[in-house]
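Q: okay, structure incoming, though there's no sequence with it:
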């Protein structure tokens, strides 16, 4: 009993120590002084609707959003590809998509549907959701991911990073995450992963290699936050921001006819939600908080350049 | 010379006689008195955008449009399928689609793209347009048409008729038209064809059988009509309407952010065009002209029922 008690105390101390004195943050590894706080303000879901595209473009142009990712299978992807073609300096990644989660507005895969049969429903759309019994074939996933990257490249989009719509490729086991990593490595693109997720999904850490960029943290708002607390949530997140590089995953969009119709079956990530995100990140309050809390912005493109310069095998500058 | 002159006069008389005393109109064959004028007010392109769906639903609900057809491959088709499910009495057909003619907003086929390779571009979308050198494979067309009908049926849409987006299946030779006819006959659905088109496309008449419904005329507005003459065009068309069954092919839609963005590369069938169509057919002027000119409305469903009752093999009622 006493030994067990002592062991528990030691374990607690060890966990506390790890929390108090964590390994170097990504920011420190990239040459920032200890304690530095950097954020990527990242708009998700571009290409899904025109209302999302128009809001995201406005936010990118204003500088309040400095990074975003595009859903290649979605109907409005060509509008974003056109934007990417004429704005080659923007930090645009691919929001790799394997679901078509709405009800009245849907999209199919990029790959030929008979090559990705486990990913589509009887009507040829991506599944609305993945049920526990559903067998999602990792090889088919990889086929579809490559088809998305190839369509983007053909249409003139040169992505700076990859991430996963609804975290499907992150939260659904080692096989899907490894498929994502293989594609990312082949195209030499960083993947949005954060150490925040390692505890719940240990395969992430074991699959990642020393050459992979891993962000320190992520912040995203959830359906538990009432509409009137939206700005409070983000203000608190910025005031309590931890040192390191944090990606704010946000969903700006306009609360207009199209977006209301496209999302009308549920309020989560709906039109009003997206308008609230747009409004907060376009606000003076957000810009003031960045100055007040000494938070710097960083893009995936900048991260990758710094990473190359600071990685063990990098040539001296 | 004299013989030739007489022959020309005889030919002219014969043509005049044909024009003065044409074969029975479809309306007469269906039991309407000679001289009867009936129109189908048909909204095209449903499913293409929410702006088109919302306007068309409003027009269908008001009764100013009495028939419409749905583009199954388009992203907003599920919204129309949902409407069709809850409005089983509406006269909704399928607007069979083989092109994705816009630039910033696009859709792929319903069939697996590797089965319909001649119909898609390098990115897997339907071609933007068909070039003269392009080989469109009629077997692949049939595969795609069947995939569209099957998706519609699976999603609860029971079409009353078939027609062809951009008349691709009408104006591009016997092979494509015959593919359309085979599908129509297999599903026992009438196809929108009119005798107006026979002179330019003789294969239409030779492929059609005595069991096929053929409309007498069609009216559709073209890009040569300036915006301020829109109502004039339709007013003249109604005043000068010929006896028989005429389909007015119209394109109602709302001139809103989504529609303007989706159609912004050219004005033809663009957002303002669709708003003008919506405005005219929702107007009091249109309803008054129907009364004034003694024009009756008829749907494809009603046409088919009358056709069955009046066709040579029909059982006596």
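A: Perfect, thanks for sending it. Keep in mind it's a predicted model, so treat the numbers as computed, not measured. Numbering: from 1, shown residues only, chains lettered A, B, ... in the order given.
Q: return the distance of the nearest residue to residue A:36 once chain neighbours are set aside relative to residue A:262.
A: Nearest non-adjacent residue to residue A:36, counting by CB to CB, 6 or more residues apart in numbering or on different chains: residue A:27, 4.6 Å away. (C-beta placed from N, C-alpha, C; glycine too.) Distance of residue A:27 to residue A:262, computed by CB to CB, to the nearest Å: 37 Å.
Q: which parts of chain A are helices?
A: Per DSSP state H, chain A carries helices over the ranges A:2-20, A:26-29, A:50-62, A:77-86, A:138-154, A:168-171, A:174-186, A:202-207, A:230-239, A:257-262, A:271-281, A:284-292, A:300-310.
Q: among the ones you listed, which is nearest residue B:103?
A: If you check each of these against residue B:103 by CB to CB, helix A:77-86 wins as the nearest, at 6.6 Å.
Q: how near is whichever residue of the stretch 151-300 of chain A sits closest to chain B to residue A:264?
A: Closest residue of the stretch 151-300 of chain A to chain B, CB to the nearest CB: residue A:258 (3.9 Å). Counting by CB to CB, the separation of residue A:258 from residue A:264 is 11 Å.
Q: residue A:123 now?
A: 20 Å.
Q: more crowded one of the two?
A: Set side by side, residue A:123 and residue A:264 show more neighbours around residue A:123, with 20 against 15, by other CB atoms under 10 Å in any protein chain shown.
Q: chain B contacts on chain A?
A: A:49-51, A:53-54, A:75-79, A:82, A:103-108, A:110, A:112-115, A:122-124, A:147, A:151, A:154-155, A:254, A:256-258, A:261-262 (CB under 8 Å from any CB of the partner chain).
Q: just the buried residues out of the residues you listed, in ChimeraX syntax.
A: The ChimeraX selection below is limited to those of the residues of chain A next to chain B classed as buried (16 or more other CB atoms under 10 Å in any protein chain shown):
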select /A:49,50,51,53,54,75,76,77,78,79,82,104,105,106,107,108,110,112,113,115,123,124,147,151,155,254,256,257,258,261,262
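Q: circling back to that earlier point, would you single out the least confident of the helices of chain A?
A: When the helices of chain A are compared on mean pLDDT, helix A:2-20 scores lowest, with a mean of 42.
Q: and the residue nearest to residue A:36, how many residues sit next to it?
A: Residues near residue A:27, counting by other CB under 10 Å: 24.
Q: excluding its backbone neighbours, what's nearest residue A:176?
A: residue A:169 is the one closest to residue A:176 (CB to CB, 6+ apart), at 5.0 Å.
Q: contact partners for that neighbour?
A: If you count contacts by CB atoms under 8 Å, 6 or more residues apart in numbering or on different chains, residue A:169 has them with A:96, A:98, A:141, A:145, A:176, A:177, A:179, A:180.
Q: ok, of the residues you listed, which one's closest to residue A:210?
A: residue A:177 (16.9 Å).
Q: my guess is the closest one meets residue A:204, correct?
A: Yes. With contact defined as CB atoms under 8 Å, residue A:177 reaches residue A:204; the gap is 6.2 Å.
Q: now for the two: what residues contact both?
A: residue A:170.
Q: so what does the longest strand along chain A touch, helix or strand wise?
A: With secondary structure taken from DSSP state E, chain A has its longest strand at strand A:37-46. Helices and strands touching strand A:37-46, by 3 or more CB pairs under 8 Å, 6 or more residues apart in numbering or on different chains; DSSP states H and E, are helix A:50-62, strand A:67-70, strand A:92-96, strand A:244-250, strand A:295-297.
Q: most tightly packed of those?
A: Highest mean neighbour count of these: strand A:67-70, a mean of 30 (counted as mean count of other CB atoms under 10 Å in any protein chain shown).
Q: how far does that one sit from its chain's centre?
A: Offset of strand A:67-70 from its chain centre (CA atoms, centre = their mean, to the nearest Å): 8 Å.
Q: tell me if I'm right that residue A:147 and residue A:113 touch.
A: No. With contact defined as CB under 8 Å, residue A:147 does not reach residue A:113; the gap is 11.0 Å.
Q: which residues touch the closest residue to the residue of the stretch 151-300 of chain A closest to chain B other than its chain neighbours?
A: Nearest residue to residue A:258, sequence neighbours excluded (CB to CB, 6+ apart): residue B:258, at 3.9 Å. Residue B:258 makes contacts with A:49, A:50, A:51, A:256, A:257, A:258, B:49, B:50, B:51, as judged by CB under 8 Å, 6+ apart.
Q: residue A:249 now?
A: A:42, A:44, A:218, A:219, A:220.
Q: quick one: contacts for the last one?
A: Residues touching residue A:220, when contacts are defined by CB under 8 Å, 6+ apart, comprise A:248, A:249, A:250.
Q: now those in a markdown table, with pLDDT?
A: Listed next are these as a markdown table, based on pLDDT from 0 to 100:
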| residue | pLDDT |
| --- | --- |
| A:248 | 98 |
| A:249 | 98 |
| A:250 | 98 |
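Q: give me the pLDDT value at residue A:311.
A: Reported pLDDT for residue A:311: 76.
Q: my guess is it contacts residue A:211, does it?
A: Yes. Applying CB under 8 Å, one finds residue A:311 in contact with residue A:211, separated by 6.9 Å.
Q: can you report how many residues lie near the nearest residue to residue A:274 once chain neighbours are set aside?
A: In this structure, residue A:274 finds its nearest non-sequential neighbour in residue A:253, 3.0 Å apart by CB to CB, 6+ apart. By other CB under 10 Å, the residues close to residue A:253 number 34.
Q: now do the one 10 residues further on
A: When neighbours are counted by other CB under 10 Å, residue A:263 registers 27.
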